[in-house]
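# how would this look folded up:
(one chain, ligands or ions: 2)
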Amino acid sequence: MATPGSPTQPPVHTPPVLAWTHRLTRLGPAFFTRLHPTPVAAPRWAACNHALRTALGWPAELFDAQHLQAFAGNALLAGADPLATVYSGHQFGQWAGQLGDGRAIWLGEAASEQGPQEIQLKGAGRTPYSRGGDGRAVLRSSIREYLCSEAMHGLGIPTTRALGLVASPEPVRRETLESAAIVTRVAPSFLRFGHFEHFWAQGNTELLRTLADHAIEHHLPECHDRASLWQGNLYAALLDEVQERTARLLAQWQAVGFCHGVMNTDNMSLLGLTIDYGPFQFMDGFDPGHICNHSDHQGRYAYGRQPNVAYWNLYCLAQSLAPLIDDQDMTLQVLQGYKTLFPRHLGDAMRAKLGLTGELAPESEREGDWTLVEDLMQFMASEKVDFTLFWRQLSQAVLHRSRIANPQEADWQAVTDLVLDRPRLKAWLARYSARTGPAHGAAMGQQMLRCNPKYVLRNHLAEIAIRLAHQGDFTEIQTLHNLLQSPFDEHPGFEAYAGVPPDWASQLEISCSS
Ligand code: AMP
Ligand code: MG
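Ligands and ions are numbered 1, 2, ... in the order given. The predicted structure is shown next:
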């Protein structure tokens with residue numbers, strides 16, 4: 001195996017196509033180690049995200065044969081400045097000490113039509129932070145990361161993006177022998193809570209300040225305005241901005257039934273992006289206690305616990321920023337914000353799922369609306385009804401009822417057919433109808449169809465794409481990407497992708513191993 005940054009690998013450069021900025025490197029060597037990716041054998045494109053490339057205004061050459069070598073880690077993108085950053089963090093509630101980019105190599109920051117974007121190769125070989133790991137990622141988990149990044153974006157949920165996926169036959173040992181892959185990830189910044197925890201744990205307030213100032217100047221300049229809420233304290237404003245973004249993100253996850261699976265503080269993005277796709281799952285049957293990570297024996301990261309875990313993680317970030325904020329009461333007060341913001345965002349998201357927005361949701365009605373939401377969720381949990389299908393059918397039924405004169409109870413049949421306890425659901429639907437009025441406007445149904453996706457990346461769909469990819473057929477990745485980038489559209493002919501999982505899918509076990 002080549003050593004990280006081995007001088008025996010003469011970097012072959014691609015032609016210059018990106019305009020680099022590399023602001024992260026100004027932080028200095030305490031924050032990263034420069035090194036080269038480790039080459040892999042016989043790379044092949046498994047997926048090229050032309051939609052993202054076009055949206056960023058990056059040229060088509062990025063996906064040519066020369067760039068395949070660069071995105072495999074066998075050559076260097078012209079102008080790249082490859083490095084691995086150092087961070088620490090709490091894993092499963094325990095201080096884990098130094099972690100860092102153990103297998104992700106940062107190539108640089110390049111200008112794009114959506115502002116500067118950092119580019120990382122995940123699975124590009126060992127780094128000084130690999131801690132005994134091989135620096136690789138397997139094809140299975142890389143396909144999941146590629147597809148889920150784009151699925152989240154399609155759902156309108158903040159996330160790191162996936163520009164490309166390169167597969168190599170190079171063997172990688174996990175529970176069994178698998179093959180390697182490299183995901184090219186793109187985000188305005190890959191900074192994590194753990195980057196701050198690292199310098200806090202070192203007791204190095206000056207480096208902590210350097211990092212916080214970098215984050216504010218380059219990625220969260222809105223903190224300057226927000227500081228006025230906190231007696232001009234810029235670092236309190238930083239914490240406040242992050243807690244607000246995190247509250248919004250968690251509400252969005254909960255509203256689509258997304259379980260992250262490994263919400264360690266090193267997997268929490270400072271920008272409030274979904275990051276580090278491992279054993280994640282979009283729930284099939286609704287169960288608030290659902291644990292998607294087979295290695296999470298205590299259920300620390302169960303679906304229903306995610307919002308509280310996010311708060312716990314924000315507490316760790318707050319502790320790290322405390323030396324900069326330098327006012328304990330203020331720090332605690334900033335954190336309090338999450339306790340009102342998260343429920344507010346979740347309430348907004350759930351009411352939108354029920355179509356109770358705009359004119360249908362005057363301020364005075366809100367309390368009753370939340371009871372309506374809670375009662376429905378309790379019922380859905382008792383039935384373990386398919387989360388995605390239920391909301392989609394409800395939206396369709398509302399639209400259908402808006403098109404017929406004098407709709408009856410029977411016109412809810414597509415929804416009531418999904419459950420066993422129909423009288424209980426009918427009673428709830430009667431309350432819902434009373435809330436919305438007898439004639440649901442077509443606009444309400446349309447709006448619900450824009451909030452309740454038809455297509456999510458169910459585990460079994462990813463699994464089918466993975467099995468085909470292992471046979472050298474990458475077409476299913478593209479098919480899924482096409483559906484998931486517009487998950488609210490009907491996509492006639494692809495209904496099977498919106499159905500409940502087949503029986504074999506219940507055997508799927510997704511662990512941290514990736
Ligand atoms: P994760 O739980 O996947 O977010 O990873 C936690 C830490 O382990 C991070 O520092 C990763 O970079 C590192 N890591 C995970 N898998 C590997 C691997 N195969 N080789 C090296 N480092 C890894
Ligand atoms: Mg991670």
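# domains in this structure, by residue range?
The record assigns the chain these domain ranges, following automatic domain parsing: 23-189, 194-353, 363-451.
# nearest to ligand 2, out of those domains?
Taking C-beta to the ion as the measure, the domains of the chain were each checked against ligand 2, and domain 194-353 came out nearest at 3.9 Å. In this view, the C-beta of every residue, glycine as well, is placed from N, C-alpha and C.
# what's the average pLDDT for the closest one?
Along domain 194-353, the predicted local confidence has a mean pLDDT of 98.
# from one end of that domain to the other, what's the distance?
When the termini of domain 194-353 are compared using C-alpha to C-alpha, to the nearest Å, they are 34 Å apart.
# does Gln252 really touch Ile157, like I thought?
Yes: using C-beta atoms under 8 Å, Gln252 makes contact with Ile157 at a distance of 4.7 Å.
# so Thr38 sits right up against Ala124, yeah?
Yes: shown here, Thr38 and Ala124 form a contact pair, counting by C-beta under 8 Å, at 6.6 Å.
# re the thing from before, list residues touching both of Gln252 and Ile157?
Contact criterion C-beta atoms under 8 Å, 6 or more residues apart in numbering; residues shared by Gln252 and Ile157: Phe258.
# in terms of neighbours, single out the busier of the two.
The residue with the greater number of neighbours, taking Gln252 and Ile157 and applying other C-beta atoms under 10 Å, is Gln252; the counts read 21 against 18.
# name the element the more buried one belongs to?
For Gln252, the enclosing helix or strand under DSSP states H and E is helix 234-256.
# tell me the residues of this protein that contact ligand 1?
Proximity of the chain to ligand 1 (C-beta under 6 Å from any ligand atom) is limited to residues 99-103, 129-130, 133-136, 262, 266-267, 276, 278, 512.
# try 5 Å this time
Within the chain, the residues that sit near ligand 1 (C-beta under 5 Å from any ligand atom) are 99, 102-103, 130, 133, 135, 267, 276.
# from the residues you listed, which are also near ligand 2?
The overlap between those and the neighbours of ligand 2 (C-beta under 5 Å from the ion) comes to 267, 276.
# pull out the buried residues from the residues of the chain next to ligand 1.
Neighbour-count burial (16 or more other C-beta atoms under 10 Å) applied to the residues of the chain next to ligand 1 gives 99, 102-103, 130, 135, 267, 276.
# which pair of those residues spans the longest distance?
In those, the most distant members under the criterion C-beta to C-beta are Gly135 and Asn267, with 17.8 Å between them.
# let me know the secondary structure of Ala84.
Recorded secondary structure, Ala84: strand (DSSP: H, G, I helix; E, B strand; the rest coil).
# just Val17 next, same as before
Val17 carries the three-state label coil when classified by three-state DSSP.
# separation between it and Gly164?
Distance from Val17 to Gly164, counting by C-beta to C-beta, to the nearest Å: 14 Å.
# just His90 next, same as before
Relative to Gly164, His90 is positioned 32 Å away (C-beta to C-beta).
# so those two - more neighbours on which side?
Set side by side, His90 and Gly164 give different neighbour counts by other C-beta under 10 Å, the larger being at Gly164 (26 against 21).
# in a strand, Thr33, correct?
Yes: under three-state DSSP, Thr33 sits within a strand.
# which residue packs closest to it, ignoring adjacent ones?
Pro128 (5.0 Å; C-beta to C-beta, 6 or more residues apart in numbering).
# that's a strand at that neighbour, yeah?
No: the secondary structure assignment for Pro128 gives coil rather than a strand, going by three-state DSSP.
# pretty sure it contacts Phe32?
No: with contact defined as C-beta under 8 Å, Pro128 and Phe32 do not form a contacting pair (9.6 Å).
# and these two? Which one has more around it.
Neighbours of Pro128 and Phe32, each counted by other C-beta under 10 Å, are more numerous for Phe32; the result is 22 against 16.
# so the more buried one bridges to which residues?
Phe32 has the following beta-bridge partners by DSSP bridges: Thr85.
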